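Novice: output the structure for:
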Amino acid sequence: MTVFGVHVGLQHTTADELRGVWRRIEELGFGWISVWDHFYGATGKPDDAACLEAVAMHAALACTTTKVRCGSLVYSVGYRHPAVLAKAITAIDQLSGGRADMGIGAGWAKVEYDAYGIPFPEIKTRMDQLEEGIQCLRGLLHDDVTSFEGQWFTLNEARNEPRPVQKKLPIWIGGGGEKRTLKIAARSADGWNVPFIAPDVFAHKNAVLNEHCAVAGRDPKEIQRAINVGLAFTEESLVQQFGNLAPLVKPGVLSGSDQEMIDRIGQYVEAGADQVNIALRAPFDLESLERFSALLKLA
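Specialist: Down below sits the predicted model:
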């Protein structure tokens with residue numbers, strides 16, 4: 001059964017507004033709400049710093065809702081040490097009563113790193129950090145004691161106590177890189193998420209992930225697959241939401257008539273998506289989200 005969720009951006013909004021949005025999403029029958037991890041708005045502009053911090057808002061999401069899975073897509077390993085992150089996610093799992101998911105990625109928004117003086121190494125280094133980081137997270141979140149020695153992270157009989165409510169808190173990998181990201185997901189992730197790509201591209205990357213699973217000796221059914229898509233009933237709405245990025249994200253945006261949207265979702269499901277998340281950002285168009293929910297008969 002396909003899961004439908006909403007991925008809510010933390011830019012250009014307030015905590016009070018977000019709490020209202022999250023409650024309404026849950027009322028509409030969606031099964032998942034996630035936050036992103038940015039210090040600046042996800043626009044790439046050096047003067048766009050209006051963005052709430054992710055760990056705090058992930059915790060607020062857990063406390064505001066009662067039924068939905070509370071996810072993150074995705075924390076950046078470049079400014080989130082995996083041991084500290086594991087402690088935070090464990091607390092969030094306890095706050096939510098066992099509804100937390102967490103995602104981890106290599107990071108991409110260089111403007112944030114530069115502004116805060118955080119090193120932004122070349123992509124190979126960031127992928128190496130991601131590969132080590134997810135192993136540390138798996139140990140701390142799933143095992144009682146963890147030791148790990150890598151180039152970037154070291155754990156010495158590390159304990160994460162008290163334990164998460166869930167025996168196996170799901171860990172997601174975000175990104176579509178076929179050589180490293182999908183290989184890391186095949187080896188270590190419980191879920192894989194990618195945004196704004198067309199169904200045929202999703203199908204291709206899904207097949208690559210399955211190939212990496214075969215090499216790793218992993219059952220591909222163990223990995224949840226999710227696509228983040230935009231929602232724009234009109235071209236005007238698309239431009240309002242994404243501005244200059246509209247042409248880039250358009251292949252992964254639901255638009256057109258109700259039937260065209262249903263058909264598009266069907267294409268993603270046929271391509272291997274277990275979960276479809278609507279990427280929502282301020283100004284929040286809850287009217288369109290309500291229409292979409294009614295279309296799917298979620299509530």
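Novice: that's a helix at I89, yeah?
Specialist: Yes. When classified by DSSP: H, G, I helix; E, B strand; the rest coil, I89 is found to be part of a helix.
Novice: now it: how far from A203?
Specialist: Here the distance between I89 and A203 works out to 31 Å (Cβ to Cβ, to the nearest Å). C-beta coordinates here come from the backbone N, C-alpha and C atoms, glycine included.
Novice: give me the more crowded residue out of the two.
Specialist: Using other Cβ atoms under 10 Å, the more surrounded residue of I89 and A203 is I89, with 27 against 17.
Novice: contacting residues for that one?
Specialist: For I89, the residues meeting the contact criterion (Cβ atoms under 8 Å, 6 or more residues apart in numbering) are 58, 72, 100, 102, 141, 164, 169.
Novice: how far away is it from C70?
Specialist: Distance, I89 to C70, using Cβ to Cβ: 10 Å.
Novice: who touches both of those two?
Specialist: Counting by Cβ under 8 Å, 6+ apart, the contacts common to I89 and C70 are 58, 100.
Novice: go through stretch 284-299 and flag the buried ones.
Specialist: Applying a neighbour-count criterion of 16 or more other Cβ atoms under 10 Å, one finds 284-285, 288-289, 292-293, 296 buried in stretch 284-299.
Novice: just those now: which is nearest V269?
Specialist: Using Cβ to Cβ, L296 comes nearest to V269 of these, at 12.1 Å.
Novice: quick one: secondary structure of the closest residue to the closest one other than its chain neighbours?
Specialist: Leaving aside its sequence neighbours, L296 sits nearest to F4 (Cβ to Cβ, 6 or more residues apart in numbering; 6.2 Å). Of the three states, F4 takes strand under three-state DSSP.
Novice: F4 and N228: what is the separation?
Specialist: In terms of Cβ to Cβ, F4 sits 12 Å off from N228.
Novice: check L95 too.
Specialist: Applying Cβ to Cβ to L95 and N228 gives a distance of 24 Å.
Novice: who has more neighbours, those two?
Specialist: It is N228, of L95 and N228, that has more neighbours when counted by other Cβ under 10 Å, with 24 against 18.
Novice: wait, that one sits on P195?
Specialist: Yes. At 3.8 Å, N228 and P195 qualify as touching, with contact defined as Cβ atoms under 8 Å.
Novice: so where do the strands sit in the stretch 151-299 of the chain?
Specialist: Per DSSP state E, counting those that start in this stretch, the stretch 151-299 of the chain has strands spanning 154-158, 171-174, 191-195, 224-231, 253-254, 275-280. These are given in chain order.
Novice: and those strands as JSON lines, adding distance to T125 and mean pLDDT?
Specialist: Rendered in JSON lines, the data for the strands of the stretch 151-299 of the chain read as follows (distance: least, Cβ to Cβ, whole Å; pLDDT from 0 to 100):
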{"stretch": "strand 154-158", "distance to T125": "17", "mean pLDDT": "98"}
{"stretch": "strand 171-174", "distance to T125": "17", "mean pLDDT": "97"}
{"stretch": "strand 191-195", "distance to T125": "22", "mean pLDDT": "97"}
{"stretch": "strand 224-231", "distance to T125": "26", "mean pLDDT": "97"}
{"stretch": "strand 253-254", "distance to T125": "33", "mean pLDDT": "94"}
{"stretch": "strand 275-280", "distance to T125": "28", "mean pLDDT": "97"}
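Novice: now these in TSV, with distance to A50?
Specialist: Formatted as TSV, the strands of the stretch 151-299 of the chain follow (distance: least, Cβ to Cβ, whole Å):
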stretch	distance to A50
strand 154-158	36
strand 171-174	22
strand 191-195	21
strand 224-231	20
strand 253-254	23
strand 275-280	16
